[in-house]
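Student: here you go, sequence then predicted model.
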Amino acid sequence: MEKDIICGMTVDPKTAIKAEKNGVKHYFCSEHCKKKFLSAGKEGELKPLAQQSGHSYICPMHPEVEQDHPGDCPKCGMALEPKNAIGNDDAAENEIKALSGKFWIGLVLGLPVVILALVEMVPVLKLEFISHAISGWLQLILATPVIFWSGGFVYTKAWKAILNRSLNMFTLISIGVGAAYFYSVAAVLIPQIFPESLKMDGKLGLYFEAGVVITVLVILGQYLEARARSQTGQAIKALLGFAAKKAHKVTGSGEEEVDVDQIQKGDLLRVRPGEKIPLDGVITQGKSTIDESMISGEPVPVEKKEGDKVIGATVNQTGAFVMKTEKIGSETLLSQIVHMVSEAQRTRAPIQGMADKVAGVFVPVVIGVSILTFIIWSLWGPQPALAYALVNAIAVLIIACPCALGLATPMSIMVGVGKGAQSGILIKSAEAIEKAEKITHVLTDKTGTLTEGKPRVTSILTTDGIDDKDLLIVAGSLEQSSEHPLARAVLDYAKDKAIDLKAIEGFESITGGGVKGKIDGKNVYLGKQKFIMDFVSKISESLQEKATSLQEKAQTVVWVAQDKNILGILGISDPIKKSTSQAIKELHDLGLKVIMLTGDNQKTAEAIAKELAIDDVRAGLEPKDKQDIVKELKQQGAVVLMAGDGINDAPALAEAEVGIAMGTGTDVAIESAGITLVKGDLRGIVRALKLSRHVMKNIRQNLFFAFIYNAVGIPVAAGILYPFFGLLLSPMIAGVAMSFSSVSVIANALRLRKLNL
């Protein structure tokens, strides 16, 4: 074996394209690589083009196939994908447009071929002014550009597969379409070579419509695949979209606005309220609250002060501060997440691999049977032996045409995806359906997945003699002027209760403690227990016990006081979705283990896990920790499904065999996942898993239908019944059997529409 000096691919010297330079012979996988080599400068300067251009494209199924330009894998025929998950958008768009044009031209020219064939087969539709000969010529003229122009790429892929001795689906398709087409061409041009016994009413059957239909369906499949492939890099692009583009650099003479890529380690940056933090670093001056939900997934912003670390792309909320840059470029947390998502996405294998493996055995067998049939009939068949040999060999190829095999998977996927959409399950990729069937572990984020992702007041407890309205007037009025992250939850609760809020005099916010002011001349306070105790005479043991109880239930306790008296407490939490408990139970009924992953604290996580009867809980996690847990479980043999809704979940969603994103989550999570639940309802996971099992069962049934006709039909087409019963399977009957297998596959796939999820 030799290495292609341009793309680095391993090639066989016997089949490789050869070229000589400076007396040295080199081997290439394609004419493209050969031309690049011959047009290069000094040979010593040569290096893989992927390195020269900065772009590299690989095959998802065969990672060793790598080159610097888009194209097809010479082994399996799949389109190569960009290694860094971000390819050439113009090239992808051009490919989609080209396939779209080929499809519509094939459809327009192919439809009359199908109609003419139908007229020939159904006497009632017979058109007197179109004879059989004219119909044959019309079909030949119309079918030729469909098969060789619109579908020309099929033969290119098949030829590459033959050169690389790796037969695949395109080899099957080219043989089937080629057999149907060239047999029909012979029947139109030289019908006299065929024996009369193979004619019906003195006419030979034509199979142009079979070749046309198969070609148009293949083009449609390639078009849909190209559109899906063009979305591969969207998760990465969405991630990169979070990053800040500009920063305010502090200098000796003041500050200046610069591009983020100009910042160096150690530079001081000023971040104002509402701005994105440019890069990872540490606060050196000032304090603020920062929305880190895109990284942590937690809805409550985090208070930051001098010495605390901040993360690039998170959003500063309340105060201005100066930070020292510690990480730049690929070192930042956001860049690491981008890298992890990219790496995980590239490890996925397409579902069509199963059909290609089958084809690797099926194609040589069919070709061998066809050749053997021709030899046997040529030597020992009745006269005209050559005609019998040719017709029977072609009958074998026609009945073995892989139209049903080609439809088996996409038809079930197509119907299954449509059914899923009706049930609020958006399926991004076919492999997600295939892998979801084998899931053993369901990993789920907490915030926004198990819970609603929005802090709310879930408890209100007052002291004796104080009603809820009195407490809410004080709490809501104070929070009107507060910038605290939980203020919105209190205000929304007061609004829901139709509370009339009052004006605050002398409002003051104490960082890390609470807020205070005056209402109608009375001093009012709201905040943490330690803050409140500086202003009240005492706190009753009863209320203290109730506060502790709320904290054990994962609620944040806010104390409210007026003058020296405690009015009561508010419990604020992120409520569990109403559907979550039932969803967890149904997942257990499916025999799956459920694990909760969260960036929240251990106490809160355990409280929720206990309430929902979750099997295991991992708390205090960073994005990479979640991905590492997925990797760990996979190494132990588990088949992992990850459900989440935030950017912090994106690496784990991409790493898992199946990623499911809540439709209420971030675009990054949705792009990284193979499946999205429109309503953000966890029960959608159960429906998605049930759908995958039904779809995969349906695919296996389709594959059975696709092959059962071949198993029975190929020996009959070869003439095995002739010595005993004098029966031969004409190519016309072979074409009917081939079509019937396709009808069976389509009808079986359509049953999925009636699924009750």
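Tutor: Cool, got the structure.
Student: what is the least confident helix or strand in this protein?
Tutor: Ranked by mean pLDDT, DSSP states H and E, the weakest helix or strand in the chain is helix 49-53, scoring a mean of 39.
Student: pull out the buried residues from the longest helix belonging to the chain.
Tutor: Of all segments of type helix in the chain, defined using DSSP state H, the longest is helix 683-718. By neighbour count on 16 or more other C-beta atoms under 10 Å, the buried set for helix 683-718 is 683-696, 698-699, 701-703, 705-707, 709-710, 713-714, 716-718. In short, each C-beta sits where N, CA and C put it, glycine included.
Student: now stretch 639-657
Tutor: Quick answer for stretch 639-657 (16+ other C-beta under 10 Å): 639-657.
Student: check contacts around residue 475.
Tutor: By C-beta atoms under 8 Å, 6 or more residues apart in numbering, the contact list for residue 475 reads 490, 494, 526, 558, 560, 570.
Student: give me the element it is part of.
Tutor: Here residue 475 is covered by helix 468-479, with elements defined by DSSP states H and E.
Student: format the CA atom coordinates belonging to that helix as CSV.
Tutor: Extracted C-alpha coordinates of helix 468-479, given in CSV (Å, rounded to 0.1, in the frame of the first residue of the first chain):
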residue,chain,number,x,y,z
ASP,A,468,-49.9,37.7,52.9
LYS,A,469,-51.0,41.1,51.4
ASP,A,470,-49.2,43.1,54.0
LEU,A,471,-46.0,41.2,53.4
LEU,A,472,-46.2,41.5,49.6
ILE,A,473,-46.8,45.3,49.8
VAL,A,474,-43.5,45.7,51.6
ALA,A,475,-41.6,43.1,49.6
GLY,A,476,-42.9,44.2,46.2
SER,A,477,-42.4,47.9,46.9
LEU,A,478,-38.8,47.4,47.9
GLU,A,479,-38.0,45.2,45.0
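Student: beyond it, next helix or strand please.
Tutor: Following helix 468-479 in sequence, per DSSP H and E, is helix 487-496.
Student: distance of the residue positioned nearest the centre of the chain from residue 624?
Tutor: For the chain, the residue nearest the mean C-alpha position is residue 674 (3.5 Å; C-alpha atoms, centre = their mean). With distances taken as C-beta to C-beta, to the nearest Å, residue 674 is found 21 Å from residue 624.
Student: what does residue 614 give?
Tutor: Applying C-beta to C-beta, the value for residue 614 to residue 624 is 22 Å.
Student: equivalent analysis for residue 395, please.
Tutor: On the measure of C-beta to C-beta, residue 395 and residue 624 end up 60 Å apart.
Student: of these two, who's got more company?
Tutor: Shown here are residue 395 and residue 624; by other C-beta atoms under 10 Å, residue 395 has more neighbours (30 against 15).
Student: wasn't residue 174 part of a strand?
Tutor: No. With DSSP: H, G, I helix; E, B strand; the rest coil as the criterion, residue 174 is helix rather than part of a strand.
Student: need the pLDDT of it.
Tutor: pLDDT, residue 174: 81.
Student: now the helix or strand encompassing residue 94: how far from the chain's centre is it?
Tutor: Residue 94 belongs to helix 89-121 when assigned by DSSP H and E. Taking C-alpha atoms, centre = their mean, to the nearest Å, one finds helix 89-121 lying 27 Å from the centre of the chain it belongs to.
Student: give the other helices and strands that that helix contacts.
Tutor: Packing contacts for helix 89-121, counted by 3 or more C-beta pairs under 8 Å, 6 or more residues apart in numbering; DSSP states H and E, involve helix 132-145, helix 208-230.
Student: what ranges do the strands span in the stretch 151-300 of the chain?
Tutor: 246-251, 254-259, 268-271, 280-286, 288-291 (DSSP state E, counting those that start in this stretch).
Student: picking that back up, next structured bit after the longest helix of the chain?
Tutor: Counting by DSSP H and E, the next helix or strand C-terminal to helix 683-718 is helix 722-725.
Student: list the buried residues of that next one.
Tutor: In helix 722-725, counting by 16+ other C-beta under 10 Å, buried: residue 722.
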